[in-house]
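1. Let's see this in three dimensions:
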Amino acid sequence: MVFKVVDLEQSFPLMMDYLLSQDQQKNIYLLKGDLGSGKTTFVKEFVQYLGGEGVHVDSPTFSIVNTYDFTGKIIHHFDLYRLESLEEIEDIGFMEYIDSGNTCFIEWPEKIAEFLPIERVVHIGITVSLNECREYSFS
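-> This next block holds a predicted model:
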């Protein structure tokens, strides 16, 4: 499914309705897009949509993972852009996060995709076109 979005606030509920109506076993979201395409903004909107108003969401570029815990929901947000070795991901207990059953968002997932349970994965592609219009593809 593809959504062409000019106003994220207006379109996000439609995307979430679609995304959350899919297979409930799928709780690992792989975010793909260029630098500045809006991957972290997508996570922020997702958290707010699920009731996390006021939760501070930022890119875990240096920490590798941020965890957002609100209203009984836990979301793990990974940014693997700076990841230099698989040893780093092992050091933070990556598979424990994945196996926790909590929702996980992974920016720059290409580095670890082979370790993920494919039956639980949703691919989210974000591209920016003219006039800051964004295209979100879900597969």
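
2. only C-alpha atoms for contact and neighbour calcs from this point on.
-> Noted.

3. Give me the longest helix you can find in the chain.
-> The residue-count maximum for a helix in the chain (DSSP state H) belongs to helix 8-20.

4. which of the residues in that helix are buried?
-> Applying a neighbour-count criterion of 16 or more other Cα atoms under 10 Å, one finds Phe12, Met15, Leu19 buried in helix 8-20.

5. Now do that helix: distance to the chain's middle.
-> With Cα atoms, centre = their mean, to the nearest Å as the basis, helix 8-20 stands 14 Å off its chain's centre.

6. Let me know the helix or strand that the most centrally placed residue in the chain is in.
-> Centroid-nearest residue in the chain: Phe105, 3.0 Å away (criterion: Cα atoms, centre = their mean). Of the helices and strands defined by DSSP states H and E, Phe105 is found in strand 103-107.

7. average model confidence for that strand?
-> In this model, strand 103-107 has an average pLDDT of 96.

8. counting contacts, what elements does that strand pack onto?
-> Using 3 or more Cα pairs under 8 Å, 6 or more residues apart in numbering; DSSP states H and E as the contact test, the elements touching strand 103-107 are strand 28-32, strand 73-79.

9. Can you classify the closest residue to Glu53 other than its chain neighbours by secondary structure?
-> Closest residue to Glu53 apart from its sequence neighbours, by Cα to Cα, 6 or more residues apart in numbering: Val47 at 7.4 Å. Judged by DSSP: H, G, I helix; E, B strand; the rest coil, the three-state class of Val47 is helix.

10. And Val47, how close does it get to Tyr68?
-> 8 Å (Cα to Cα, to the nearest Å).

11. Tell me the residues that contact both of those two, please.
-> Counting by Cα atoms under 8 Å, 6 or more residues apart in numbering, the contacts common to Val47 and Tyr68 are Val55, Ile75.

12. Mind checking which of those two has more residues around it?
-> Neighbour count, other Cα atoms under 10 Å: between Val47 and Tyr68, Val47 has more, with 22 against 15.

13. close enough to count as contact, that one and Asp58?
-> No - contact criterion Cα atoms under 8 Å: Val47 and Asp58 do not qualify, at 11.3 Å.
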